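1. No letters, just coordinates:
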């Protein structure tokens, strides 16, 4: 096997091939499994191989290097992904790195949510603060850089949401052309606004979503188009870096539990890989548990997790949390491996639980898209089940910005989000929280006394200290 | 006069009062002018007073200190506003600082836009990458911290857009309650989705926008509500910090020209203040010119600038760049002073020029809201007029994220944004750029050969290198 900076290993049958043995076809020819990127130093069986032959300093030197880069003005150092490039040596020529200064996302305390869930300590790592408003940017900067490094001029994905927005932005940045494949039919313009703004070409195929993936998969075997769907293993290399960044932000104090939304399941897989690599390299002495939360209407991993035979069966997905409305997740095996390796749990949450959780996160001044809110809704369940103890330190991964789905927020505050049946299932205690958080506009006469009376009666206005 | 960390000086009559002499009333009682925040070391007439009595190290020590803070994990150090807190000592108790890790916004090269405008070097400082998606966050973290520091429990503004979103987020963060006043009538839900998500109360008054401001201004004289409209001078203290951050990112090499959108005119005023303070303190030896660009339909500063009598007359504002649809800008005098003090120019741009500029910025993979795009449209005019030379180093200030106005992008790509009359005014050269950038979806049969032929014919698909 030719020596490259990295290899690819099939997550199903374990076959290992050189990193440059495939270009745009990311399924194992033996078994159709997905690949993981592996490095000379990341083989869990072996001890990590530090030293110049692997361009890998030891743990404390790495920590120091990453901190020093934060004071640099170089774009690759300002990137919250490429600052950790020692652990993702996937690009031959560093000049081909495509960055929008992704990463560097905030870690917010959520004191009121913590109290509501009954835990002492709760943080949120907000990946929606990335340049295009979702966690997909951390993966796209990695995979798009590989595309540029290998000389591709075209990239493509089948997606109507956050993936296409991220792909289009990074492709434009690199001067590459991007194509978004979507099913024909009633077009969801709002979801496409970003990829159109960043100059992507949208092709509507007269078929369904699986048909789009099929055509695209065939296309890349015949044409030099780089495939950026989540089967691309380099996307996960970028998506593992928030684990590094989080630990740095926590002064290398490992949290106990990470809670991640589960849609296509690449995100939890990537974070798990990041934590396991850090543990293997001695950057941390133990890894946190990773729990994955799905919407009840798009719960194939939850079903697998609770199935005594552990068989994965695709479902017909239906949830208003559109970013995780996925019935046949590509990365389910990787995610299952992460839950098994690190511990953690899989839960499902209802539409009304998602709506309440999103409003509670918003009321902390943070905000997120609905799919992100499943983490907090799930945490409440994990605490109730005893899977998270009150003194455990938990970090929620928020995946998208609140601006990604304004309509959801509007429908919530207008009282038009949930059906009567869904509303009927809300407990009195949760009804009270909804009542405090839902804020439909109040119409008043333009008179200061009228406004004052309204404020006094509704809100016990107090004098400043 | 009591000694405080800062004073307030009327920009109209020059009267100076102590910083704590007013709480929520931000108009000079003598002349109704707005206040500027001034410090012992910021008096332009005097030499800067460094040293421990002002808590102000000298220039090189400040630069070193600010760089060191970038490696810190403290929230106030991770904030791109409070990292420069030495130059905005407006909060008595630092524990009252309210931050969402604002600032730290990227400085992007725009090589294709540079070529299109005929300049050698062009950067964009993207303030739309702030937590709520607009530059308003840098001002709100400052003013909200003052509100918390002075013990207010309520904050309010009259706004339907970026200001209310930022206010609501920071208020929620601090545990304060926020009220958004808007005129009654057809409610623009989309614009309110963020402030509702962050838990603000919306009050619709049966009056127009000026009527809302009037009621709110009276309300704060009678009730302990902190006023967060742009008359609040502390907002500008936060909004000056992107000037510091930009210089740090440029390794203290001062650019020649800054181009800013002109709406309420606080932004250009604040950046000008930031540059003048840096020059006064010896952090830089000269300040850049600041040019302000308005939409033709909301151009009071442009009219003032081109009026030989220099009289400010409000206009009835009309532009699709909603964030700068302001006919009677509160901070016009401050902005006029900045243009006079630093040089620079004021220009206006048409709706079709804004649309083209936004599409060009988007095609760089950056994206922005329409109001931000006036900067690039204006730059082209400044170059044509000889006000910016091709070798001058220019930085555009992008003020809002593309997600702030998805509908504008959608209408553009559907060909429904501009009227026939507006389209008719586009030059053939610009028509060609529009044709290359506008990407309405293409509908195709689900057949790989069909897709291949389409790609070949439209785009000269080439083999990878």
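-> Good, I have the coordinates. Keep in mind that this is a model prediction, so the values were computed, not measured. Numbering: from 1, shown residues only, chains lettered A, B, ... in the order given.
2. thinking residue A:213 is in contact with residue A:158, fair?
-> Yes - between residue A:213 and residue A:158 a contact is recorded at 4.9 Å, counting by CB atoms under 8 Å. C-beta: built from backbone N, CA, C; applies to glycine.
3. Tell me which of these two has more neighbours.
-> residue A:158 (25 against 20; other CB atoms under 10 Å in any protein chain shown).
4. what residues are up against the more buried one?
-> Neighbouring residues of residue A:158 by CB atoms under 8 Å, 6 or more residues apart in numbering or on different chains: A:180, A:181, A:182, A:209, A:212, A:213, A:216, A:229.
5. Next, the last one: secondary structure please.
-> What that stands for is residue A:229. coil (DSSP: H, G, I helix; E, B strand; the rest coil).
6. Please apply the same query to the third one.
-> Under the three-state scheme (three-state DSSP), residue A:182 adopts strand.
7. What sits closest to it if chain neighbours are left out?
-> The shortest distance from residue A:182 to any non-neighbouring residue, by CB to CB, 6 or more residues apart in numbering or on different chains, is to residue A:160 (5.1 Å).
8. Which residue does the stretch 301-450 of chain A have closest to chain B?
-> Taking CB to the nearest CB as the measure, the point where the stretch 301-450 of chain A comes nearest chain B is residue A:365, at 3.3 Å.
9. That residue and residue B:100 touch, don't they?
-> Yes - the pair residue A:365 and residue B:100 qualifies as a contact (CB under 8 Å) at a distance of 6.6 Å.
10. And the next helix or strand past the helix or strand encompassing residue A:142?
-> Secondary structure from DSSP states H and E places residue A:142 in helix A:136-149. Next helix or strand after helix A:136-149 toward the C-terminus (DSSP H and E): strand A:154-158.
11. average pLDDT across that following strand?
-> Mean pLDDT, strand A:154-158: 96.
12. Kindly report the same for stretch A:379-389.
-> Mean predicted confidence for stretch A:379-389 is 97.
13. now do the same end-to-end measure for it.
-> 10 Å (CA to CA, to the nearest Å).
14. Tell me where the stretch 101-250 of chain A has strands.
-> A:107-109, A:122-126, A:154-158, A:177-183, A:201-205, A:225-227 (DSSP state E, counting those that start in this stretch).
15. Could you pull up the mean pLDDT of the last one?
-> Per-residue confidence for strand A:225-227 averages out to 96 on the pLDDT scale.
16. Show me what from the stretch 251-400 of chain A comes close to chain B.
-> A:251, A:358, A:359, A:362, A:363, A:364, A:365, A:366, A:367 (CB under 8 Å from any CB of the partner chain).
17. Confirm that the second one lies within a helix, as I assumed.
-> Yes - secondary structure of residue A:358 (three-state DSSP): part of a helix.
18. Drop anything exposed from the residues of the stretch 251-400 of chain A next to chain B.
-> Applying 16 or more other CB atoms under 10 Å in any protein chain shown to those, the neighbour count classes A:358, A:359, A:362, A:363, A:364, A:365, A:366, A:367 as buried.
19. And whatever helix or strand residue A:377 lives in, what's buried?
-> Using DSSP H and E, residue A:377 sits in helix A:370-384. Buried residues in helix A:370-384, counted by 16+ other CB under 10 Å: A:370-383.
20. And for the residue lying closest to residue A:155 once chain neighbours are set aside, the neighbour number?
-> Nearest residue to residue A:155 in three dimensions, chain neighbours excluded: residue A:226, at 4.5 Å (CB to CB, 6+ apart). By the measure other CB under 10 Å, the count of residues near residue A:226 is 27.
21. what's near enough to touch residue A:226?
-> A:23, A:24, A:143, A:146, A:147, A:150, A:152, A:154, A:155, A:156, A:220.
22. could you measure it against residue A:204, distance?
-> Plainly put, residue A:226 is 21 Å away from residue A:204 if you go by CB to CB, to the nearest Å.
23. just residue A:124 next, same as before
-> If you go by CB to CB, the gap between residue A:124 and residue A:204 works out to 36 Å.
24. And for residue A:14?
-> 39 Å.
25. Show me which of those two is the more surrounded one.
-> With neighbours defined as other CB under 10 Å, residue A:14 and residue A:204 compare such that residue A:204 has more, 18 against 11.
26. and the more buried one, what is it in contact with?
-> A:182, A:183, A:184, A:185, A:187, B:441, B:442, B:443, B:444.
27. Run through the residues that contact the third one.
-> Listed by CB under 8 Å, 6+ apart, the contact partners of residue A:184 are A:204, A:205, A:206, A:207, B:443.
28. Just list what the helix or strand of chain A with the lowest mean pLDDT packs against, helices and strands only.
-> Within chain A, no helix or strand scores below helix A:448-459, which has a mean of 86 by mean pLDDT, DSSP states H and E. The helices and strands touching helix A:448-459, judged by 3 or more CB pairs under 8 Å, 6 or more residues apart in numbering or on different chains; DSSP states H and E, are strand A:442-444, strand B:201-205, helix B:209-222.
29. Pull the distance from that helix to the chain's centre.
-> 43 Å (CA atoms, centre = their mean, to the nearest Å).
30. what's the answer for stretch A:239-253, then?
-> 15 Å.
31. ok so, going back, any idea which of the buried ones among the residues of the stretch 251-400 of chain A next to chain B is the one closest to residue A:40?
-> Among these, residue A:366 lies closest to residue A:40 (CB to CB), at 39.9 Å.
32. Is the closest one located within a strand, as I assumed?
-> No - residue state for residue A:366 (three-state DSSP) corresponds to coil; a strand is not indicated.
33. so the closest residue to residue A:286 other than its chain neighbours, which of the three states?
-> With CB to CB, 6+ apart as the criterion, residue A:286 has its nearest non-adjacent residue at 5.9 Å, and that residue is residue A:254. When classified by three-state DSSP, residue A:254 comes out as coil.
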